[in-house]
Structures are given as C-alpha cells and as structure tokens.
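K.L.:
Show me the folded form of this:
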Amino acid sequence: MRAVAPLSLLIALAPSLPAPGATDPGVWRGLVSTSYTPALNRCVPDVNSAITALDARGTASGFHYAGAPALDGLFRHFQGITRLPHPGGTWLAVSRSGSPRAVAIVGPNGVVSEITAPDGQTHAGGIQALGEILAVPYEHKAGRSVIMLYDVTDASHPRIIYELDRSEVPAPSAPGHASAVALTRLADGRVALIVGVRSSRVLDLYVSNQADLSAPGLEFKLVATLANAVEGRFQSQNLVTQCDGSLFLIGTYNNGFPGPRMGADMIRWYRLGQNANGAVRLEAMGKRKVTCRYCNFGAAAGVYVAPAGDLILYGIEHRDTGPNRTVYYEEFRARSMQSGLPSGG
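P.N.:
Predicted coordinates for the structure are as follows:
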C-alpha cells in the first residue's frame, strides 16, 4: 500500500472560503494542483482546448473479466469507467449492472479485485476517482440510492470510507435514482459531489462539511438541485478543475437508443458558476463527438488528467464481447500525443 500524503498539508495551502450553505454554495472554484497528489486530481491548463484537441479515434486495449457473471441483454452492461492514478501502467475502475460484484479494479495484468454492491443495490452507475478516492453511485429504482466512497490506494483491498444515503432527497430529484457521480475538491479543500439523476436530467449538488474524508463526522450536505441544466442523457459525468480554478462538468453519452452503436458518441462540457442571487448555474462551453470502434458512450466513458496536465478520455464497450470474455476499451488522446506517450504517462 502506498502512503497517502497528510491532507492537512494540502489544506494549509488552500485559501479560506465561507462555508457552503443551503442556498449559497460558495464560490465554485476548484483546488488547483499542478502536480500529482493522492488527495486530488491534477488541473488541466485549458479544458476547452484539451477536449477539442482529442483525436476522434481512440487506441483499443482490453482485459479479461471471466471471473464475473456474463453481461447480456440491452440493460445489463458496463456503466462506468475511470482511470486510477496508480503507477506502473494503466489502472482502471469499471462498474457494471446486474451483479452484486459491481465494480472491478483492473491493473495492467487484469482484474485485481472486485467491490461488492451494498445490499439491495443492483445497478452501479457512472463513476469518477478523486486521487485515490473512488465514488460509485448505486441505485434501486424501487426507492433507494446511495453514493459510496472507497479508498483504493491498495487496489487489491478497496476500503469503504463513506456512504451517502439519498433516501430523502426532495423532488425534482428521486430517492431511487443515482445514475452517475462526479467529484472534485473546492478551493477550501472540501469535496463537491454532483449526482446525476435519470441520466443527469436532474443534478444534485453536495458539499462535504470537512476536507479530510477519513476523519470522524464526515457529512455531505445537499446544497442545490438543477433540473434540465444539461443537454443529452449523460451516462457518465466528471468534474475537472482548470488551472485557473474554474470547474467544468464533462458529460458523455450516446445519442442513439437502444445501444450499442445506434447513435453518435458525444461529449458535452459546462463551466460551473453562480448567478447574482447565489444560485448555481451551468454555462454550456462546447460539444463534440468521437468515433468508437469498440467502445460505446451509452455504456461508459470518463476523463483522466495525466501528471503533465494532459486530458485523456476513456470509453468501454457495452458488454464483454471479446474472445474468452475479453473486454475492450479505448483511450482517446490529443492528436499531438498520438506519436508517442505524453510526458507524465
């Protein structure tokens, strides 16, 4: 297990901001880091340019997933993919529906461990990692959804940090729905978490009451709910911090139904801000499509920021279609990076 740098050292460098409240979520600015730390993700110099520069075609790779029940049928498929900042190659977390073995941690040589879903939860949705913290939404449409935070520093033994119970969220949200989750650190070190409801047609925004996610007394407070704030039915969504502190929500989806391969694989991105009255708003910044040969954004996609600041996009196929239960995924890098690996991995 790799040691995690004390979070207190990180927070000491963060400016002081007023505590987010129920109607005033504070300044939606991210905590900026230009180097790797297990406590947060590296910033991107220019999010708009980074997404625009991505090559329209990815590089295919794969892994064997023969240990878990097969994925079959239209609605039983991979639901989320995110890259973890482990050294020594590409490490991924992959979520799925239709099995208690809801999340697989995949190393360079294959599946290292699996995470079991909470009791009664059969659908793990779109995921994101914040340093060594993995956020996974689980839903059961009969009426209960939860967000689980795991410490994945030791990839072979993921550890539960926190469970956010959403059984009492008010309309227009829905207690039984949590289709995707995104998270980042605000400038004061606390964690902002956005839950997508019904493919992000509704967005619930939470903020933690403290920066240290492992300290006693951790709570996440619902500070805002946005309805119809984004276009497209996001299957996955990620929060990314630009190096000037701006926060961006990046959503991915396939605009055809049913999947797979019935529509275009799309990316839309928005900048977080707030109106004069303090209400949270999302400003549309752009959209584009990429071309999956094997992956499908109606299953899952997710972005990763390499140590050098390069933004990399990952997509995974709808289900395990390869020989001997091989799962294909694709990696989309900037066109200037296609001739070789970028500095920083």
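K.L.:
Backbone torsions only: list them for the nearest residue to residue 144 once chain neighbours are set aside.
P.N.:
Excluding the flanking residues, the one nearest residue 144 by C-beta to C-beta, 6 or more residues apart in numbering is residue 167, at 5.1 Å. Glycine gets a C-beta too; all of them are placed from N, C-alpha and C. Dihedral pair for residue 167: phi -70, psi -10, per degrees, to the nearest 10.
K.L.:
Number of residues surrounding residue 167?
P.N.:
Neighbour count for residue 167, taken as other C-beta atoms under 10 Å: 10.
K.L.:
residues contacting it?
P.N.:
Neighbour list for residue 167: 143, 144, 145, 175 [criterion: C-beta atoms under 8 Å, 6 or more residues apart in numbering].
K.L.:
Can you name the helix or strand that the third one falls in?
P.N.:
The secondary structure element spanning residue 145 is strand 144-151 (assigned by DSSP states H and E).
K.L.:
what does that strand contact?
P.N.:
The set of residues external to strand 144-151 that reach it, using C-beta under 8 Å, 6+ apart, is 115, 118, 120-121, 132-139, 158-167, 174-178, 181, 193, 195, 213-214, 220.
K.L.:
Same question for stretch 214-222.
P.N.:
With C-beta under 8 Å, 6+ apart as the test, stretch 214-222 has contacts from 7, 20, 22, 147, 151, 161-162, 164, 169, 191, 193, 204-210, 212.
K.L.:
Turn the buried ones among those into a named ChimeraX selection, would you?
P.N.:
What follows is the ChimeraX syntax selecting those of these that are buried according to 16 or more other C-beta atoms under 10 Å:
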select :7,20,147,151,161,162,164,169,191,193,204,205,206,207,208,210,212
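K.L.:
Of the contacts of stretch 214-222, which belong to strands?
P.N.:
Using DSSP state E, the subset of the contacts of stretch 214-222 located in strands is 147, 151, 161, 162, 164, 191, 193, 204, 205, 206, 207, 208.
K.L.:
which residues touch the residue lying closest to the first one once chain neighbours are set aside?
P.N.:
Leaving out its chain neighbours, the residue that sits closest to residue 147 by C-beta to C-beta, 6+ apart is residue 164, at 4.1 Å. Under the criterion of C-beta under 8 Å, 6+ apart, the neighbours of residue 164 are 146, 147, 148, 149, 193, 206, 220.
K.L.:
Repeat the analysis, applying 10 Å as the threshold.
P.N.:
By C-beta atoms under 10 Å, 6 or more residues apart in numbering, residue 164 lies in contact with 135, 137, 145-149, 178, 181, 193, 195, 204, 206, 208, 218-220, 222.
K.L.:
Surely residue 324 forms part of a helix?
P.N.:
Yes. If the criterion is DSSP: H, G, I helix; E, B strand; the rest coil, then residue 324 is within a helix.
K.L.:
Point me to the helix or strand that includes residue 48.
P.N.:
helix 47-52.
K.L.:
Could you check that helix and say which residues are buried?
P.N.:
Neighbour counts using 16+ other C-beta under 10 Å place 47, 50, 51 of helix 47-52 among the buried residues.
K.L.:
repeat for stretch 99-118
P.N.:
Those would be 99-107, 111-115, 117-118, for stretch 99-118 by 16+ other C-beta under 10 Å.
K.L.:
Show me those residues that map onto helices.
P.N.:
Among these, no member falls in helices (DSSP state H).
K.L.:
Narrow those residues to those in strands?
P.N.:
Those of those mapping onto strands are 101, 102, 103, 104, 105, 106, 107, 111, 112, 113, 114, 115, per DSSP E.
K.L.:
The last one - nearest residue in space that isn't next to it in sequence?
P.N.:
Translated: residue 115. Nearest-residue entry for residue 115: residue 103, 3.9 Å, with adjacent residues in sequence omitted and distances by C-beta to C-beta, 6+ apart.
K.L.:
quick one: contacts for the one you found?
P.N.:
By C-beta under 10 Å, 6+ apart, the contact set of residue 103 is 79-80, 82, 93-96, 113-117, 124, 127, 134, 136, 138, 148, 150, 152, 158.
K.L.:
Now the buried members of those.
P.N.:
79-80, 82, 93-96, 113-115, 117, 124, 127, 134, 136, 138, 148, 150, 152, 158.
K.L.:
Helices of the protein, residue ranges please.
P.N.:
Assigned helices in the chain, in chain order: 7-11, 47-52 (criterion: DSSP H).
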